[in-house]
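> Here's my sequence, what's the structure:
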Amino acid sequence: MSVTPGDVHVNQNLTNVSIAHFQSAENFVANRAGHIIPVKKQTDLIPRFAKGEMFRDAEALRAPGTESHGVGYELDTALTYYAKVRGWHHDITAQVRANSDDWINQDRTATRLVTNKGLLRSDRMFVANLMTNATAAWDIKMAGVATGAYAADTNVVHFNDHTSASANPIYEVRRVLTRAQLANGGFRLKHGVMTRPVWDALALHPDFVGLISGGATAAAPSLVQRQLVAQAFELDELLVMEGVHDTAAQGATWSPAWIGGNALLLYYKPLAPALEEPSAFYGFAWTGMTGMSNVGTRVKKFPMTHLDSERVEMDMALDWKMTGADMGVLLYDLLA
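Numbering: from 1, shown residues only. Below is the predicted model of the structure:
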């Protein structure tokens, strides 16, 4: 395979600009929701401890002069990741660069443009793998339903139902979190990701407004903050996914949609990645290509002489992978 000019020189300054944007763009949450693990191989096995032996009470009295009771563990290596390489570029022609006003930094603008494509793809991959009922194989998943179809521990009443007696999101979420904690061996799911429409429904729900209405006045009405909702659910962190994508084909009329639909993902996230520590999911970032950052991205700039242009190109090699089906709960179709 021949070496391209872009492989010879990865533009570190533009890569740094890209990484900064990759990590600070608030509308996109995937890269803040979970840990990203840099990996040297593009695809590999994901070792996981079998949980049964970890939680089995092996009561073992020890007589004088005898050995202690031996215990062991098993590693499950059935799961794999595959960090496919995706790439986007923007060409800056010599004419455009020559005619640009001084305040326009063409390289920075191009870098933000291709980085935004990466952010969008990362969040959509996150949703497809972890927040979509048809593809996310969590042990516990519950759909939103009308109040007449409600059945405890099977579904939840739509979060934008603000009148029915059975519409109680605080109770339902805490109940399912306790159910998951028992099933997974005692790990409380302390993190959550929801979409903007779901957040709006919760922020106006009487359950939450009632928690703070005692101090409300006409001049200072009740405003439900995200931290209040997180505390009511007993979560350490609650992220709201506000990314938008265009569902129309290129050149067609703008047709925006929320990336995450109407879902809430509750999950366990360790303080730091560790083989002995369970996690609902990880992002696996392949760093094997020249100049790849620890989040699986690189930005190159190189001449396209035949086009009288310079090309700014971003590569991304990332796979969002569920690593603990019992470490997450998916509530979906939450709005009527």
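> Distance-wise, check the closest residue in space to His35 that isn't next to it in sequence relative to Val39.
Counting by CB to CB, 6 or more residues apart in numbering, His35 lies nearest to Pro273, which is 4.9 Å off, once chain neighbours are set aside. Yep, even glycine has a C-beta here, placed from its N, CA and C like the rest. Between Pro273 and Val39 the distance is 11 Å, computed by CB to CB, to the nearest Å.
> Among those two, which residue is more densely surrounded?
Between Pro273 and Val39, Val39 has the larger neighbour count (other CB atoms under 10 Å), namely 20 against 14.
> Dihedrals phi and psi, that one?
Main-chain dihedrals, Val39, degrees, to the nearest 10: phi -130, psi 150.
> Run through the neighbouring helices and strands of the longest helix that the chain contains.
Secondary structure of the chain per DSSP state H: the longest helix is helix 106-130. With contacts defined as 3 or more CB pairs under 8 Å, 6 or more residues apart in numbering; DSSP states H and E, the packing partners of helix 106-130 are helix 12-24, helix 30-33, strand 85-93, strand 281-286, strand 297-304, strand 309-322.
> Just give me how far the fifth one sits from the chain centre.
If I follow you right, that is strand 297-304. Per CA atoms, centre = their mean, to the nearest Å, the displacement of strand 297-304 from the mean C-alpha position of its chain is 27 Å.
> the helices in the stretch 201-336 of the chain, which residues?
Listed in chain order, the helices of the stretch 201-336 of the chain (DSSP state H, counting those that start in this stretch) span 206-212, 226-233.
> Show me what the last one is in contact with.
When you say that, I think you mean helix 226-233. Residues outside helix 226-233 that contact it (CB atoms under 8 Å, 6 or more residues apart in numbering) are 170, 173-174, 177, 192, 199, 202-203, 207-208, 211-212, 236-238, 240, 266.
> Any idea how far it is from the middle of the chain?
How far helix 226-233 lies from its chain's middle: 19 Å, per CA atoms, centre = their mean.
> same deal with stretch 224-242?
Taking CA atoms, centre = their mean, one finds stretch 224-242 lying 15 Å from the centre of the chain it belongs to.
> Check stretch 191-209 too.
On CA atoms, centre = their mean, the centre of stretch 191-209 falls 18 Å from the chain's centre.
> same question, stretch 150-167
Here stretch 150-167 is found 26 Å from its chain centre; the criterion is CA atoms, centre = their mean.
> and that stretch, how far apart are its ends?
Distance between the two ends of stretch 150-167: 9 Å, counting by CA to CA, to the nearest Å.
> Identify each buried residue in it, please.
Neighbour-count burial for stretch 150-167 flags 150, 155-161, 167 (criterion: 16 or more other CB atoms under 10 Å).
> Tell me which helix or strand Arg97 sits in.
Per DSSP states H and E, Arg97 falls inside helix 94-99.
> Residues in contact with that helix: which ones?
Helix 94-99 has contacts (CB under 8 Å, 6+ apart) with 106, 308-310.
> List only buried entries from those.
Neighbour-count burial (16+ other CB under 10 Å) is assigned, among the contacts of helix 94-99, to 309-310.
> among the contacts of helix 94-99, which two are most distant?
Spatial extent of the contacts of helix 94-99 (CB to CB) is set by the pair Gln106 and Asp308 at 14.2 Å.
> Could you count how many residues lie near the residue nearest to Gly283 when sequence neighbours are not counted?
Leaving aside its sequence neighbours, Gly283 sits nearest to Ile36 (CB to CB, 6+ apart; 4.0 Å). When neighbours are counted by other CB under 10 Å, Ile36 registers 21.
> just checking, Ile36 touches Val295?
Yes: assessed by CB atoms under 8 Å, Ile36 is found in contact with Val295 at 5.2 Å.
> Overlap of the contact sets of the two?
With contacts taken as CB under 8 Å, 6+ apart, Ile36 and Val295 have 283, 285, 318 as neighbours in common.
> pLDDT score for the last one?
If I follow you right, that is Leu318. pLDDT, Leu318: 97.
> With that, I have no additional questions.
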